[in-house]
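Please find the sequence and the predicted model below.
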2 protein chains.
Amino acid sequence: MRADARKNYERLLTVASAVVTEEGAGASLRDIARRAEVGLGTVQRHFPTREALLEALLRTGFDQLTAEAAELEGAGPAGDALRTWLRAFVACATDYQGVIASMVAAIEDPDSALHASCVAMRAAGARLLARAQADGVARTDIDGTDLYALAGALAWAGDQPALAARADHLFDVIADAVLTR
Amino acid sequence: MRADARKNYERLLTVASAVVTEEGAGASLRDIARRAEVGLGTVQRHFPTREALLEALLRTGFDQLTAEAAELEGAGPAGDALRTWLRAFVACATDYQGVIASMVAAIEDPDSALHASCVAMRAAGARLLARAQADGVARTDIDGTDLYALAGALAWAGDQPALAARADHLFDVIADAVLTR
DNA sequence: ACCTGAACACCGTTCAAGT
DNA sequence: ACCTGAACACCGTTCAAGT
């Protein structure tokens, strides 16, 4: 990448992070271009779709979640591992308001820039779930997609201003549903 | 209301129901006006906000839910009553894709056209929950807002094409979390 | 190579002008 | 009273023209 292009890319990512934090996943791309002092076309070329931009914004979080899953897969009680990772996943999805809908849709859309990451997230959760099920501490009638859906539902609730205050409590209720106490 | 105004109102409601069923709660009001063969301003006066339109569309369902809650409040096992009503509530909220976000936001917005109905829905659920808790068949650490949030989360999941197929299963998982088995 | 910004087809809101 | 539709300020996408 040319030096000026890289500079634009990085500036866009910084600005986009701020704008999407403020306005949510549906933030105006025009507004991002303006605040980055860049042409509208420049946003489009660096990020051909909105998903591509969200993927770049979520990149770091996804990588951390992957690493955390790997650590947790062999360590400690299986129930605690699943609970801990699930909490981290929901927290990551809640970083940017409204991003969870794209993350859920991406699972079934191979063309989405978020597809690979989201499939990986589901797989990581599924591995932790399988261990918990094998240890007899998790419901056996749910699979990785159910778990992903429940985490998505929690992230959605956390996105709603009227519900955000009970997000932690709702997490406990749903975690109790998954993990047999 | 004048005869021609009433005719427009009813035509708009019919068309809006079709369009919102197809496109979801964010459907273009301009499109609704066009398909109803009515000026754009006519839509705005009959329904000053999008919430007002959604309220009119959901009216029948809300009334049915209120009646159903009244019937269920005194009849049969408290756990079954809550489960049955919750299922009906989620089904109603899923009639129009994306409407659940407005229904959740309306709880905290007294100015929303959906406010009164949604507060009433929460209250109806809370009464059924309280009876189930009194009978020892429901978690005692949740209240009407938590229940509303969980129902909302389920409706959200049902709205996502990637998750719709497991909506019933997810309902069972969350119902099990609320209702002690 | 990369960037810019005008052109285009949308959107919701507002409101002057008509019937 | 009620309706219409133009005016306005937005949006995302596309792409010809510049550097």
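Arrived safely.

Return the distance of residue A:150 relative to residue A:43.
34 Å (Cβ to Cβ, to the nearest Å). All C-beta atoms are positioned from the backbone trio N, CA, C, and that covers glycine.

So these two - more neighbours on which side?
Remark: of residue A:150 and residue A:43, residue A:150 carries more neighbours, 28 against 21, as counted by other Cβ atoms under 10 Å in any protein chain shown.

ok and the residue in chain A nearest chain B?
residue A:177 (3.3 Å; Cβ to the nearest Cβ).

got a list of what that residue touches?
Applying Cβ atoms under 8 Å, 6 or more residues apart in numbering or on different chains to residue A:177 gives the contacts A:139, A:150, B:173, B:174, B:176, B:177.

next one: residue A:49
Listed by Cβ under 8 Å, 6+ apart, the contact set of residue A:49 reads A:112, A:113.

so where is chain A shaky, pLDDT-wise?
A:181 (pLDDT under 70).

near chain B, which residues of it?
Contacts of chain A with chain B, taken as Cβ under 8 Å from any Cβ of the partner chain, map to A:101, A:104-105, A:107-108, A:139, A:141-142, A:145-146, A:149-150, A:152-154, A:156-157, A:160-163, A:166, A:169-170, A:173-174, A:176-178.

Just the buried ones from those?
By neighbour count, with 16 or more other Cβ atoms under 10 Å in any protein chain shown, the residues of chain A next to chain B hold A:101, A:104-105, A:107, A:139, A:142, A:145-146, A:149-150, A:152-154, A:156-157, A:160, A:162-163, A:166, A:169-170, A:173-174, A:177-178 as buried.

so the residue of chain A found nearest DNA strand C is in which element?
For chain A and DNA strand C, the shortest gap (Cβ to the nearest atom of the strand) falls at residue A:41, measuring 2.2 Å. Assigned by DSSP states H and E, residue A:41 falls within helix A:40-46.

in that helix, what counts as buried?
So helix A:40-46, judged by 16+ other Cβ under 10 Å, has buried residues A:42, A:43, A:46.

Which residues are in contact with the most centrally placed residue in chain A?
The centroid of chain A falls nearest to residue A:93 when counting by Cα atoms, centre = their mean (3.5 Å). Going by Cβ under 8 Å, 6+ apart, residue A:93 touches A:99, A:100, A:103, A:151, A:152, A:155.

these two touch, right, the fourth one and residue A:124?
In this case it means residue A:151. No - using Cβ atoms under 8 Å, residue A:151 is not in contact with residue A:124; the gap is 11.2 Å.

Who has more neighbours out of these two?
Neighbour totals were compared for residue A:151 and residue A:124, and residue A:151 leads with 26 against 22 (other Cβ under 10 Å).

domains for chain A, by residue range?
A:1-48, A:49-178 (automatic domain parsing).

residue ranges for the helices of chain A, please.
A:3-23, A:29-35, A:40-46, A:50-74, A:78-93, A:99-107, A:115-134, A:144-159, A:167-178 (DSSP state H).

which bits of chain A sit near DNA strand D?
Chain A comes close to DNA strand D at residues A:27, A:28, A:29, A:30, A:31, A:40, A:41, A:44, A:49, A:50, as judged by Cβ under 7 Å from any atom of the strand.

ok, the last one - contacts?
Meaning residue A:50. By Cβ under 8 Å, 6+ apart, the residues touching residue A:50 are A:25, A:29, A:102.

could you list every residue that touches the residue found closest to the first one once you drop the neighbours it is linked to in the chain?
If the residues on either side of it in the chain are set aside, residue A:25 comes closest to residue A:98, at 3.7 Å by Cβ to Cβ, 6 or more residues apart in numbering or on different chains. Under the criterion of Cβ under 8 Å, 6+ apart, the neighbours of residue A:98 are A:24, A:25, A:26, A:159.

roughly how far apart are residue A:108 and residue B:160?
For residue A:108 relative to residue B:160 (Cβ to Cβ), the value is 9 Å.

scratch that, residue A:117
Distance from residue A:117 to residue B:160, by Cβ to Cβ: 17 Å.

What of residue A:105?
For residue A:105, the distance to residue B:160 - Cβ to Cβ - is 7 Å.
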